[in-house]
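S.K.: I would like the atomic coordinates for the input below:
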Amino acid sequence: MTMINRTIAGKEFFWFNNTLVAIQISSAEGEDGICVVEHLKPYGESPPLHVHRHEDEVFHILEGKLRFVVDGRERIAVAGETVIAPKGLPHTFRVESPEGARTLTITRGSDFETMLRQASRPAERPDLPPASEPTPEMIEALTRICAKNGIDIVGPPLG
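M.R.: Predicted coordinates:
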């Protein structure tokens, strides 16, 4: 089994659910509001099905294998591939590689980045957080934070 590179660099590190997030470029840094976020994700990680109202979400796979569902269409993506989830279309993914995955997420605007900052906690170290199942209160808080930032949760994670 290949191990995912667990050493990622970044300006700011957060634990978002069961993932490590490193903000590489903040939307505030450039004129076009481009945000680049690196994620370290464990096997099985899947966000709820959701829709971004204002931003396309671009995923570039650095390591690992993910199963994406975008607007009802399923696709497997591996290292070196890029997937777009256009704004307005429901999408989610699931990490399928047993060793986890490392990805870049690119957006234009501050909705996604602001949501990450509000829904995350500072990482104690640049590695995955201790795994935990979300509580009903955590799900409600994430749903509220997402809605406030132009992201609507419309369904469950992939099983």
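S.K.: can you map out the helices along this protein?
M.R.: Using DSSP state H, the helices of the chain run over residues 111-119, 136-148.
S.K.: turn these into a markdown table, including mean neighbour count, mean pLDDT and distance to T92.
M.R.: Every residue, glycine included, has its C-beta placed from N, CA and C. Formatted as a markdown table, the helices of the chain follow (neighbours: other CB atoms under 10 Å; pLDDT from 0 to 100; distance: least, CB to CB, whole Å):
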| stretch | mean neighbour count | mean pLDDT | distance to T92 |
| --- | --- | --- | --- |
| helix 111-119 | 20 | 97 | 14 |
| helix 136-148 | 14 | 96 | 13 |
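S.K.: among those, which is nearest G44?
M.R.: Distance to G44, taken as CB to CB, is lowest for helix 136-148 among these, at 16.9 Å.
S.K.: tell me the pLDDT of the spatially closest residue to P48 that is not a sequence neighbour.
M.R.: Nearest residue to P48, sequence neighbours excluded (CB to CB, 6 or more residues apart in numbering): I153, at 4.7 Å. On the pLDDT scale, I153 is placed at 97.
S.K.: any idea how far A79 is from I153?
M.R.: 28 Å (CB to CB, to the nearest Å).
S.K.: repeat that for H91.
M.R.: Counting by CB to CB, the separation of H91 from A79 is 20 Å.
S.K.: pick out whichever of these two has more residues nearby.
M.R.: Taking other CB atoms under 10 Å, H91 and A79 do not tie; H91 has more neighbours (22 against 17).
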